[in-house]
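Participant: Generate a structure from the sequence data that follows.
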Amino acid sequence: MRLLRCSRNVFRKSRRSLVLLILLAPVAVHAQIEHETRMIALQDHFEVSIAVNGAAPDLLFDNLREGLAARLEYAVRVSSPRNLPFSFLGSRLLREYRVIYTVRWDPFRDRYTITTQDGGLFTFRDEAALWGFLFSLPRYRIPWQAVDGENLPSPSRYQVDTQVIYEPVVFVPGLSILSVLLPHARQSSPWERAYVEEPR
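Facilitator: A predicted model of the protein is given here:
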């Protein structure tokens, strides 16, 4: 009897310890996405191209086949560097642009769909075509008039910061707490900074 009770107590304690260990253990660190930005200055606008690397194809397509959605967000911030003696305040934000793609598998169309934040819809049968579209933002145009600030030196020089946020699984608002517990739930690339000059 004693041995049986002792065994049961040890087993119960072990289960509790195991559960606490699982809850308190840090989530395994996985490779984060990275991005590369290129810019071209033209007469009436400049173009920002972003290419994303480091995402796992199996994770994305397995989630989509399970009926889940994924999201990718491109952030582009355009700022004006301040002149002395106010340069210690940092650059002045002029405009921020966000391009958001939400991707799903549509069983009725029998293809993948991407919707954009402004209501655009794109469909893909081929996984390679979907991957290429989702993880690249080619030649995103920003007109000079949209970012022209006041009292800028001539030629105007702009600071452009870019970042990419990738969510392989998008939860409904009530379940968003799960994104903290699950690995791969949200990946952010480091901000990347570059400068572009407006031709005059």
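Participant: which residues does R95 contact?
Facilitator: R95 makes contacts with 77-78, 142, 146-147, as judged by Cβ atoms under 8 Å, 6 or more residues apart in numbering. Where you see a C-beta, it was placed from the backbone N, CA and C, and this is true even at glycine.
Participant: How about it: which residues does it bridge to?
Facilitator: Beta-bridge pairing for R95 (DSSP bridges): V78.
Participant: go on, the one 5 residues further on?
Facilitator: Using DSSP bridges, the bridge partners assigned to I100 are E73.
Participant: And the contacts of stretch 142-150?
Facilitator: 44-48, 76, 78, 80, 92, 94-95, 97, 156, 158, 198.
Participant: filter those residues to the buried ones?
Facilitator: Among the contacts of stretch 142-150, those buried by neighbour count (16 or more other Cβ atoms under 10 Å) are 45-46, 48, 76, 78, 80, 94, 156, 158, 198.
Participant: got those residues as TSV, with distance to L121 and pLDDT columns?
Facilitator: As requested, the buried ones among the contacts of stretch 142-150 are arranged in TSV below (distance: Cβ to Cβ, whole Å; pLDDT from 0 to 100):
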residue	distance to L121	pLDDT
H45	25	95
F46	27	97
V48	23	98
V76	22	98
V78	28	95
S80	35	87
L94	30	91
S156	36	81
Y158	32	92
E198	34	90
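Participant: So which of the residues you listed is the closest to Q187?
Facilitator: V76 (18.2 Å; Cβ to Cβ).
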